[in-house]
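Colleague: I'd like to go over a predicted model; first the sequence, then the structure.
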Amino acid sequence: MRLLAAAFAATVLAASAFPQSDIVSTREMDRINWMEFGETVPSKIDTVLLPTGTLEPHGVANNGADNTAPTAMAKAIAKRTNAMIAPTLPYGITGSLEGYPGAFRISEKAYRPFVKEILEGLAKNGFRNIIILNGHGGGQTAVLQSVAEEVAIERKVRTLVINWWSFASDVTLEVFGEDGGHAGWNETAFIQAIDPTLVDQKRYEKDMATAYPRPGTWSAVPFPSSIGLYKEGEGYPKFDQAKADEYFRKVTDKVAGLIIEVRRKWDKAKL
Ligand SMILES: [Zn+2]
């Protein structure tokens with residue numbers, strides 16, 4: 001019995017260490033050694049996924065939700081998009097939630113050149129397609145898009161920046177039947193699907209959420225709630241595990257589909 005259990009454990013371990021029928025022992029740049037990297041990039045894999053996020057409050061989810069989400073997404077889609085995964089950049093440009101406990105804000109002055117050198121390093125290492133899986137919006141999105149454009153032009157690589165929560169807003173409506181929000185039902189569900197222990201349901205109360213103001217009506221810093229609803233009355237977290245799992249699957253499918261489609265068109269146009 002004990003021997004059988006050990007044999008079973010060894011099989012499971014082997015399967016997780018070497019994903020079945022993959023062309024590389026790991027998709028993570030953090031985990032691969034230089035020799036295998038050299039044999040793999042760019043000859044077999046010329047796409048890289050770079051998750052970017054920040055540390056900021058997220059209702060009853062973890063402060064690092066914007067890192068947790070794109071990191072898990074990268075792991076879920078790396079094989080089917082034939083990509084390597086660069087280490088997550090977990091510090092970012094937090095905006096009006098910077099005043100909450102545990103939040104970090106990196107200035108644009110420091111962030112922009114640092115991200116640029118990361119993208120340049122990925123290009124130097126042979127990646128032709130650099131995909132930024134961004135987990136945090138606000139001012140960070142514009143900086144990432146502008147840096148990605150510069151590097152694409154200067155290094156003759158192809159870059160794609162994906163803000164998953166916006167790109168998948170139709171999936172939010174499909175799965176939850178309503179709009180979401182920052183740390184709203186959609187984002188909280190995404191985290192719940194990855195690791196339910198990161199969502200502290202018993203601390204939740206509806207009063208933790210505020211609808212974002214229409215542009216030009218009012219603004220407050222710090223924003224009075226760590227849950228910001230895109231639409232009044234919609235997007236309150238409801239912690240439905242089945243919906244969370246469905247949402248994770250559909251969002252990651254949609255993101256993977258975009259990467260594959262954009263890359264196919266780049267190739268077709270010989271860019
Ligand atoms: Zn977030």
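Modeller: It's in. Numbering: from 1, shown residues only.

Colleague: For the closest residue in space to residue 271 that isn't next to it in sequence, give me its contacts.
Modeller: In this structure, residue 271 finds its nearest non-sequential neighbour in residue 158, 6.3 Å apart by CB to CB, 6 or more residues apart in numbering. Placement of C-beta: from N, CA and C, glycine included. For residue 158, the contacting residues are 128, 129, 130, 152, 263, 266, 271, by CB atoms under 8 Å, 6 or more residues apart in numbering.

Colleague: And whichever helix or strand the fifth one is part of, how far out from the chain middle?
Modeller: Element membership for residue 263, per DSSP states H and E: helix 241-268. Centroid separation between helix 241-268 and its chain, computed with CA atoms, centre = their mean, to the nearest Å, is 12 Å.

Colleague: Residue 264 - how many residues pack around it?
Modeller: Residues near residue 264, counting by other CB atoms under 10 Å, number 10.

Colleague: Now restrict the contacts of residue 158 to buried residues only.
Modeller: 128, 129, 130, 152, 263 (16 or more other CB atoms under 10 Å).

Colleague: what's the average pLDDT for the helix or strand residue 74 falls within?
Modeller: In this structure, residue 74 sits in helix 65-77 according to DSSP H and E. Averaging pLDDT along helix 65-77 gives 98.

Colleague: what's the following helix or strand after it?
Modeller: Counting by DSSP H and E, the next helix or strand C-terminal to helix 65-77 is strand 83-85.

Colleague: What lies in contact with that following strand?
Modeller: With CB under 8 Å, 6+ apart as the criterion, strand 83-85 contacts 24, 27-29, 32, 40-41, 45, 47-49, 51, 74-75, 77-78, 127, 129, 131, 259.

Colleague: Also stretch 228-246?
Modeller: For stretch 228-246, using CB under 8 Å, 6+ apart, the contacting residues are 59-60, 175-176, 178-186, 188-190, 192-193, 196, 199, 201, 204, 206, 209-212, 227.

Colleague: Does that stretch reach the ion?
Modeller: No: figure legend: stretch 228-246 not in contact with the ion (CB under 5 Å from the ion); closest approach 9.6 Å.

Colleague: Buried ones in that stretch, by neighbour count?
Modeller: Buried positions in stretch 228-246, judged by neighbour count with 16+ other CB under 10 Å: 228, 229, 230, 234, 235, 236, 237, 243, 244, 246.

Colleague: Straight-line length of it, end to end?
Modeller: Using CA to CA, to the nearest Å, the end-to-end distance of stretch 228-246 comes to 23 Å.

Colleague: Would you pull up how far that stretch lies from the middle of the chain?
Modeller: Relative to the centre of its chain, stretch 228-246 is centred 18 Å away, using CA atoms, centre = their mean.

Colleague: so who does the residue in the stretch 1-150 of the chain positioned nearest to the ion touch?
Modeller: At 4.1 Å from the ion, residue 66 is the closest residue in the stretch 1-150 of the chain, using CB to the ion. Residue 66 sits next to 53, 54, 55, 56, 58, 92, 135, 136 when contact means CB under 8 Å, 6+ apart.

Colleague: Also residue 97?
Modeller: 56, 57, 103, 222, 223, 226.

Colleague: before we move on, what about residue 198?
Modeller: By CB under 8 Å, 6+ apart, the contact set of residue 198 is 61, 62, 65, 68, 191, 192.
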